[in-house]
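Trainee: I'd like to go over a predicted model; first the sequence, then the structure.
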Amino acid sequence: MNKCIFLDRDGVLNVERGDYTFLPEDFVIVEGVPEAIKALKKAGYLLIVVTNQAGITKGLYTREQMQLCHEILMKKTDFLIDKIYYSPYHPSFSESLSRKPDTLMIEKAIAKFDIDPQKSWLIGDRCRDVDCGQKMGLKTILISDSTTHECNPDFVSENLLDAISKII
């Protein structure tokens, strides 16, 4: 079975703007992310992005706009990310088990890539990410600069580059 790092997108891989990020000119990769991705891949991890993209269902942006941002992400990380799963749903418009903190995106990845949850991690910047990972038996890292949280991740790190020191 494979080991995997599940990565949230906004706030972990790209700068969290506090608003939906869907324009290429607003999609800024967090400093240190390309180096962290290379180190995790070198350590033998699959790298899978799991991201809520409710702005699609809300009509704020299109799947094509989101895909342009994902193309930037892939280029900036030397195409080392194995798969990007996204949930376009929002509870105000449509319910879905794929939207974090629910687990369908991770369940699909585990089945497709033969992933061992006990050897895998989820790194996110919100408690819903941590909750999702914990439901699936993953170790979790919360990206945060705060010392207080409403959830209980295994570790807290300031950014992805700092987080990988807890993994490899």
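Mentor: Great, that's in hand.

Trainee: could you point out the longest strand in the protein?
Mentor: The longest strand of the chain (DSSP state E) is strand 46-52.

Trainee: Could you name the helices and strands sitting against it?
Mentor: Applying 3 or more Cβ pairs under 8 Å, 6 or more residues apart in numbering; DSSP states H and E, one finds that strand 46-52 contacts strand 4-7, helix 33-42, strand 83-87, helix 104-113. C-beta: built from backbone N, CA, C; applies to glycine.

Trainee: strands paired with the first one, and their directions?
Mentor: I take that to be strand 4-7. Within its sheet, strand 4-7 is paired with strand 46-52 (parallel), strand 121-124 (parallel), according to DSSP bridges.

Trainee: quick one: D154 and L138 touch, right?
Mentor: No - look at D154 against L138 with Cβ atoms under 8 Å: they stay out of range, at 9.0 Å.

Trainee: Between those two, tell me which one has more neighbours.
Mentor: The neighbour comparison of D154 against L138 (other Cβ atoms under 10 Å) goes to L138, with 25 against 15.

Trainee: From I167, how far off is that one?
Mentor: Distance, L138 to I167, by Cβ to Cβ, to the nearest Å: 12 Å.

Trainee: pLDDT of the helix ranked longest in the chain, averaged?
Mentor: If you go by DSSP state H, the chain has its longest helix at helix 63-76. Averaged across helix 63-76, the pLDDT comes to 98.

Trainee: Taking helix 33-42 as reference, get the angle to that helix.
Mentor: In terms of direction (axes from the mean of the first three to the mean of the last three Cα atoms, to 10 degrees), helix 63-76 departs from helix 33-42 by 70 degrees.

Trainee: which helices and strands sit right next to helix 63-76?
Mentor: Against helix 63-76 (3+ Cβ pairs under 8 Å, 6+ apart) you get strand 83-87.

Trainee: Would you indicate which residues of the strand it packs on are buried?
Mentor: I84, Y85, Y86, S87 (16 or more other Cβ atoms under 10 Å).

Trainee: And that strand, how far out from the chain middle?
Mentor: Chain-centre distance of strand 83-87: 9 Å, with Cα atoms, centre = their mean, to the nearest Å.

Trainee: Could I get the contacting residues of K100?
Mentor: Counting by Cβ atoms under 8 Å, 6 or more residues apart in numbering, K100 makes contact with D8, V50, N52, S87, G124, R126, R128, D129, D131, C132.

Trainee: doesn't D102 make contact with the third one?
Mentor: Yep, that's N52 we're talking about. No - counting by Cβ under 8 Å, D102 is not a contact partner of N52; they are 9.9 Å apart.
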